[in-house]
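> need a structure here:
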Amino acid sequence: YLEGSSKLRLAGSPDFRLHIFNEDAQNVAALQVANTSGTSGNKNVFGGKQSRGTIAGPLASEANDILLEVGGSGYGDTAFAPSTTAGIRMIAESTFTDANHNSQLVFLVTGSGAITQTTTLVMAGNGQLQARDGSAALPTFTFQGDTDTGMFWNSGNNLGFSTGGTERLTIDSNGNSLFS
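Reported below is the predicted structural model:
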């Protein structure tokens with residue numbers, strides 16, 4: 001079912017077969033589902049669009065606007081979680097123009113014993129992968145079979161390596177290796 005000012009349109013364009021629009025006084029969101037074909041063959045597309053303004057008068061998406069979020073939540077003891085507990089969020093990094101669509105992907109999860117999402121990984125528009133800081137006990141980059149051994153951000157311009165949850169090596173901003 002659709003509530004409020006949501007609008008459903010079927011077969012809206014040759015490419016997108018299902019459009020769902022929602023708008024309030026300041027924003028427009030659209031969900032699009034399609035099966036398209038092109039030079040790379042057939043593909044299924046699940047897309048989102050976001051703008052400021054209204055459907056009749058859209059305005060540019062601005063920095064930090066969520067363009068699309070795909071998420072999920074599970075059932076606890078008595079109810080479903082009130083919000084998404086894990087997701088991938090597509091966010092505008094700056095105000096969009098016809099020549100600039102700078103965006104990023106943000107990966108969110110809820111850790112063990114927690115009820116709030118945290119950002120674990122960002123793929124920035126410049127191509128950088130930005131991971132959480134980590135620690136010697138819980139390194140950022142680790143292994144499935146050995147989660148307290150790996151690499152983490154130690155402090156400003158310092159890189160740390162740990163084994164068994166203990167920091168063993170720090171490479172400082174001058175390139176010096178400090179063994180523990």
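> In contact with residue 102, which residues are there?
Listed by C-beta atoms under 8 Å, 6 or more residues apart in numbering, the contact set of residue 102 reads 92-94, 96, 125. The way it works is simple: take the backbone N, C-alpha and C, and place the C-beta from them, glycine included.
> now swap in residue 108 and tell me
Applying C-beta under 8 Å, 6+ apart, we find residue 108 in contact with 71, 84, 86-89, 117-120.
> can you rerun that using 6 Å?
Contacts for residue 108 (C-beta atoms under 6 Å, 6 or more residues apart in numbering) come out as 87, 117, 119.
> if we can go back for a sec, just the contacts of residue 102 now: which is nearest residue 20?
Distance to residue 20, by C-beta to C-beta, is smallest for residue 92 among these, at 20.4 Å.
> Give me the distance between that closest one and residue 160.
33 Å (C-beta to C-beta, to the nearest Å).
> Same question for residue 78.
The gap separating residue 78 from residue 160 is 42 Å, by C-beta to C-beta.
> These two: who's more crowded?
Using other C-beta atoms under 10 Å as the criterion, residue 78 and residue 160 rank with residue 160 on top: 23 against 5.
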